[in-house]
Structure formats: structure tokens, C-alpha cells
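Colleague: Give me coordinates for this.
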Amino acid sequence: MTHTLKYREKNDEDDLFVIEIAKAEMDKVLLEAWGRPVDPAEILDVPGAQLSIIEDESNQKIGFYSILRPDDCLYLNTLVIAESSQGQGCGQTVMTHLEDIAQRENRTALELSVQTTNQRAIQFYNKLGFEDVGWSFYRTILMRKIIASS
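Modeller: So this is what the prediction gives:
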């Protein structure tokens, strides 16, 4: 299912939404993987990160993503979609949007890290063509999808 989603740069008024949805959707995973909840600074204060708000067709905020641009890849630092919008194809739509950004910017790959305890996320990214590239951090793996140049 394809969704018409809108993406806009986060503004200061979005900070509370970002933290609340991050805690609601990520705390359980991070508590299991790392033994601690979301740290707002890890989302709002990442040097060089571009944080964008995701809105649905009715202009309702349903999530956000944060990307970095190290070397020649596009790195997805954080992706959070509200539970009420999960399982409807929104995640796939956002990932296609990010692949389009990577391709427009002539990036060779789209990368992300995922907690090893989050099997649902690992399966989702595998289904989209991401592979474990063998780098890991404490209970976290790096996944990469090669971006075809046009």
C-alpha cells in the first residue's frame, strides 16, 4: 500500500511531539537492548543531523526521521512511526523516500543501525533489501542497502 506522506523540517514547536513519540515507540526496545530509555539529546541534539517530521494526508504528525550524511552514504539515525500508523505501509513509503534522497544526492548506500533485540525491525529492513554488514556495537548491528545510480 502506498501512502501520500509529507515531510518537513522539524521546528521548535515539534520538540515535544518528537520526544513523546520516541519514548512511546522506542523506550521498550532500548530498555531491552541497552537497559535504558530514550535520551532526548540523542534525538534532538545530534550534530549534523537533519530531523524531519512525517505527516499523513490530513496533516497529522505520525512520526519523524533523522538522517546524517557521513562519507558517501545516507545514514538513517532514527525512524519513528506512531503505532497507530504502523503495519499500513508507512514505513516502506518513508524508506522509499529516503532511498530517493540518497539517489538524488549520489550516495552509494543507505545505512542504519538496529538493535539485535528488535527482530521485527530487522525483518522489515531485510525485506526492503538491507543486509547486515558485519559491524556491530553493543546489541546493535549496522545494515546497508546499496543505492543504484541512475
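
Colleague: show me where this structure has strands.
Modeller: For the chain, strands defined by DSSP state E occupy the ranges 6-9, 50-55, 61-68, 73-81, 109-115, 131-137, 140-146.

Colleague: closest to E25 out of those?
Modeller: The closest of the strands of the chain to E25 is strand 73-81. By CB to CB, the value is 5.0 Å. The way it works is simple: take the backbone N, C-alpha and C, and place the C-beta from them, glycine included.

Colleague: which secondary structure elements does the closest one contact?
Modeller: Under the contact criterion of 3 or more CB pairs under 8 Å, 6 or more residues apart in numbering; DSSP states H and E, strand 73-81 touches helix 15-34, strand 61-68, helix 90-104, strand 109-115.

Colleague: Lowest average pLDDT across the ones you listed?
Modeller: Least confidently modelled of the helices and strands packed on strand 73-81 is helix 15-34, at a mean of 89 by mean pLDDT.

Colleague: got a list of what the nearest residue to G48 once chain neighbours are set aside touches?
Modeller: Distance criterion CB to CB, 6 or more residues apart in numbering; nearest residue to G48, sequence neighbours excluded, is L68 at 5.7 Å. Contacts for L68 (CB atoms under 8 Å, 6 or more residues apart in numbering) come out as V46, G48, A49, Q50, L74, Y75, N77.

Colleague: Mind doing that once more with 6 Å?
Modeller: By CB atoms under 6 Å, 6 or more residues apart in numbering, the contact list for L68 reads G48, A49, Y75, N77.

Colleague: Kindly report the same for I53.
Modeller: I53 touches R8, K10, D14, K61, F64, counting by CB under 6 Å, 6+ apart.
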